[in-house]
Every structure is written in structure tokens, then in C-alpha cells.
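Asker: With the input below, show me the fold.
(one chain, ligands or ions: 1)
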Amino acid sequence: MGQKNNHILILGIESSCDDTSAAIIRDGYLLSNVISSQAVHSAYGGVVPELASRAHEQNIIPTVHQAIKTAGIDKSDISAIAYTRGPGLIGSLLVGTSFAKGLSLSLGVPLVEVNHLQGHILAHFIREEGVEPHIPEFPFLCLLVSGGNSQIVLVKSPSDMKIIGQTIDDAAGEAFDKCAKVIGGPYPGGPYVDKLAKEGNPKAFNFAKPHIPGYDYSFSGLKTSFLYLVRDYLKEDPEFIEKNRADLCASFQRAVIETLMDKLKRAVKDTGIKRVAVAGGVSANSGLRGAYQDAAQRYGWDIYLPKFSYTTDNAAMIAVAGMFKFMDGEFDTIDSVPYSRTIV
Ligand code: KG4
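Answerer: You can find the predicted model right below:
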């Protein structure tokens, strides 16, 4: 067990939701990152867990095969297999977990379990040949915003992360998805709202902002406030949505971003840590990226914005997170089982 040909080659496997992904990193540098998305869910307006598990079963072998082929390596070169153990959809996780275990046994290499959320945060450590790395030093703060989570995490090291604030109800991504749904947009709604928001007036409408203590978030009130506002205006004008789509998106997006940034600014002020990263699907949002750029200029933050391909679910981040554990000799056992809820 250990390094092969003086290189550390990690195969990462991600299957927590509706993307089957496999990636290879060599000594921290990405050689391949293959993602098989599942179009089957679009007709249902959200991910259908049973369909996701079945699609993972179909996709996992070709995806891993393609990752190995694209990387130009042989499977016997692999030093360890890192896989997402949770949180996520249990049926989906079982496919990746079972496959990772089987392959680790057949290749005789160690297995490394990775927490999906920590993977998102450690996506900032993915190195690419020929690309100047922009990697945060420890400690740093990370705003983790996805379809299932909104957290402020104090990252002291790859293995020492502390959640200092989190949503008490819905996640920021869920709020974006709901906003799009109310105005007849597609799922997932974030990219749709983001695009329309660019053409709208962010001050056209005001929504109730939550008052939650500490660094915690709440987005359910904002969702309801948006729903009621649209419902009330529709009573006066049935074409209200048509006429105000961009302004609605811009105003809603402003409310989400201000909520996220207010707590983050407070966390930076209280901890004195000015290295601030963002991770997760919502980190693709152009308004949120703009707010980070503003904070960098105004408050002197060192900001870390992930490449767009690493904001959503991918195995490259799982491979990197696995590499840190591999180097610490933190291996998994064959009897470990996936978990659906976070146990960070
Ligand atoms: O991290 P992710 O791919 O999946 C998990 O939840 O694990 O995040 C998906 C979420 C969805 O709610 C989607 O609407 C949101 O990220 N999202 C965005 C944007 N792109 C994706 N939200 C706002 N603006 C975007 N550009």
C-alpha cells in the first residue's frame, strides 16, 4: 500500500445526488474529471431519488473507465480510492460506496471516505497543470452555499473544519430554486434567476429580511415573502410576472446575497480572518461573485472563487480531499456505510 512509481494517484468517486463523477489526480494535479449528469429529472422539477440511484448504476462503470482513460494511466497505478460517503441521497451514495469498495478490494489499494461538504471546500486545492494556483492558506473562512446547505465554515486545516453558522431551515440554493418555480422557470432555478437578474432592477421590490442570531441563516421567510408578493400583485394584474420577471429576479437575488454577505462580514470582523472562500453550486452566482469582489476592494479580503466547473458536484474535489486523508494515513474500512445527513 502507498505510493506507486513515486507518485500519489487518487481516484475520486462522487455519487451523492444526481451527478456520477470520477476523477484522477496525480500528486495533487488533476488529470481527468468526468461528470455524467442525469437529464431524467428535468421532467419532474427536482431530483427523483430512485431514478438517480438507477442512473448512477448505469453510469458508474463508463464514468470511472473514462476518467482512467482520459488521465492516460493504468488502473494498477492507482494509490487509493476516495469516495463520497455522505451527506446525500442514500441510494445514490450506496452505488458509489459499493463500487469504490469493490474496486479497492480488487486492486488491493486503500479506501478513503470523504465528506461531500468538506470536498466542496477543498475544491480550492485542485491544481491544474499550466494554471497558476490560487490556494488559500489556513485558516480561512468558507461560505458553503448549495442546494442543500448554507454554512459559514472556519477551515483550520484539511481535517479541522468548524461550522460557525448555518441555515436553520432552507438553503440558499433552495431559495433560488423556489423563486424560479414561482415565476414559471426551470429546475434548478439558480442559473435562470442569475441570468434574468442581470437585466433587472435589484431595488424594484423589497422582501422581508430574517433576523437570526449569530452567524446562522434562514431563507424560508424570504421564500414566503416572495411567494406572497407575487400572489398579491397577480390579483391586480394577471400579467404581473411577465412584465416584472427580471426585476423580481434581481430583487430576490439582492435579498439572498445581502443576507449571505451580512453574516459573512460579521464572521470576518469577529474572527479577524480575511481569507474568504466560497464553495458549492450557488458560488456560480454572478451577483455573489460581484459581492465578493466588492468586499475584497472595500475591506481588503483575500477572496477565493472556485472555477465554475468545480462549483457543482464533481469528483475532482473528492479526489483532492481524499489525497489529504491518504497523506495522513486516514483510511476507511470495508464495513463503513454511507450517511445521508452531515456528521461533520
Ligand atoms: O452544490 P450543488 O451543485 O448541489 C448540491 O446541492 O449539492 O448546488 C445546486 C444548487 C441549486 O439550488 C442551484 O439552483 C444552485 O446551486 N445554483 C445557483 C447558480 N447555479 C447553481 N444559484 C444561484 N446562481 C447560480 N448561478
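Asker: Show me which parts of stretch 242-258 are buried, residue by residue.
Answerer: Buried residues in stretch 242-258, counted by 16 or more other C-beta atoms under 10 Å: 244-257. Any C-beta I mention is one placed from the backbone N, CA and C, and that applies to glycine too.
Asker: from the middle of its chain, how far away would that stretch be?
Answerer: Stretch 242-258 sits 23 Å away from the centroid of its parent chain (C-alpha atoms, centre = their mean, to the nearest Å).
Asker: contacts for that stretch?
Answerer: 172, 175-176, 179, 183, 192-194, 196-207, 209, 219, 222, 226, 230, 233, 237, 241, 285, 287-288, 291 (C-beta atoms under 8 Å, 6 or more residues apart in numbering).
Asker: which of these are buried?
Answerer: By 16+ other C-beta under 10 Å, the contacts of stretch 242-258 give 172, 175-176, 179, 183, 192-194, 196-197, 200, 202, 205, 207, 219, 222, 226, 230, 233, 285, 287-288, 291 as buried.
Asker: and after the helix ranked longest in the chain, which helix or strand comes next?
Answerer: Looking across the chain with DSSP state H, the single longest helix is helix 240-271. Heading C-terminal from helix 240-271, the first helix or strand you meet, by DSSP states H and E, is strand 275-279.
Asker: Each with direction, which strands does that following strand pair with?
Answerer: Here strand 275-279 has these sheet partners by DSSP bridges: strand 140-145 (parallel), strand 302-304 (parallel).
Asker: do that strand and the ligand meet?
Answerer: No: Strand 275-279 does not reach the ligand (C-beta under 6 Å from any ligand atom); its nearest approach is 8.2 Å.
Asker: Can you name the next helix or strand after that strand?
Answerer: helix 286-299.
Asker: Buried residues, that next one. List them.
Answerer: Counting neighbours by 16+ other C-beta under 10 Å, helix 286-299 gives G287, L288, R289, A291, Y292, A295 as buried.
Asker: Now go through the contacts of stretch 242-258 and say which are in helices.
Answerer: 172, 175-176, 179, 192-194, 196-197, 222, 226, 230, 233, 241, 287-288, 291.
Asker: Could you dump the buried residues of stretch 242-258 into a markdown table with pLDDT and distance to N59 added?
Answerer: Below are the buried residues of stretch 242-258 laid out as a markdown table (pLDDT from 0 to 100; distance: C-beta to C-beta, whole Å):
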| residue | pLDDT | distance to N59 |
| --- | --- | --- |
| N244 | 98 | 40 |
| R245 | 98 | 35 |
| A246 | 98 | 36 |
| D247 | 98 | 40 |
| L248 | 98 | 36 |
| C249 | 98 | 33 |
| A250 | 98 | 37 |
| S251 | 98 | 39 |
| F252 | 98 | 34 |
| Q253 | 98 | 33 |
| R254 | 98 | 38 |
| A255 | 97 | 37 |
| V256 | 97 | 32 |
| I257 | 98 | 34 |
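Asker: residue in the stretch 201-344 of the chain nearest to the ligand?
Answerer: The nearest approach of the stretch 201-344 of the chain to the ligand comes at G281, 2.0 Å away (C-beta to the nearest ligand atom).
Asker: circling back to that earlier point, so can I have JSON lines of the buried residues of helix 286-299 showing pLDDT and distance to the ligand?
Answerer: Below are the buried residues of helix 286-299 laid out as JSON lines (pLDDT from 0 to 100; distance: C-beta to the nearest ligand atom, whole Å):
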{"residue": "G287", "pLDDT": "98", "distance to the ligand": "8"}
{"residue": "L288", "pLDDT": "98", "distance to the ligand": "7"}
{"residue": "R289", "pLDDT": "98", "distance to the ligand": "9"}
{"residue": "A291", "pLDDT": "98", "distance to the ligand": "12"}
{"residue": "Y292", "pLDDT": "98", "distance to the ligand": "13"}
{"residue": "A295", "pLDDT": "98", "distance to the ligand": "18"}
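Asker: How about the residues of the stretch 1-150 of the chain by the ligand?
Answerer: Proximity of the stretch 1-150 of the chain to the ligand, by C-beta under 6 Å from any ligand atom, involves residues C17, S146, G147, G148.
Asker: give the contact list for the second one.
Answerer: Meaning S146. With C-beta under 8 Å, 6+ apart, S146 has these contacts: H120, A171, A172, G173, G280, G281, V282.
Asker: that older thread, roughly how far does the residue of the stretch 201-344 of the chain closest to the ligand sit from S309?
Answerer: In this structure, G281 and S309 are 12 Å apart, going by C-beta to C-beta, to the nearest Å.
Asker: For the residues of the stretch 1-150 of the chain next to the ligand, which two are the farthest from each other?
Answerer: C17 and S146 (9.4 Å; C-beta to C-beta).
Asker: which one is G165 nearest to, not counting chain neighbours?
Answerer: Y215 (2.6 Å; C-beta to C-beta, 6 or more residues apart in numbering).
Asker: wait, is that neighbour part of a helix?
Answerer: No: applying DSSP: H, G, I helix; E, B strand; the rest coil, one finds Y215 to be coil, outside a helix.
Asker: ok, for the residue nearest the centre of the chain, nearest residue in space, not its chain neighbours?
Answerer: Nearest to the geometric centre of the chain sits G280, at 2.5 Å (C-alpha atoms, centre = their mean). Of all residues not flanking G280 in the chain, S146 sits nearest, at 3.5 Å (C-beta to C-beta, 6+ apart).
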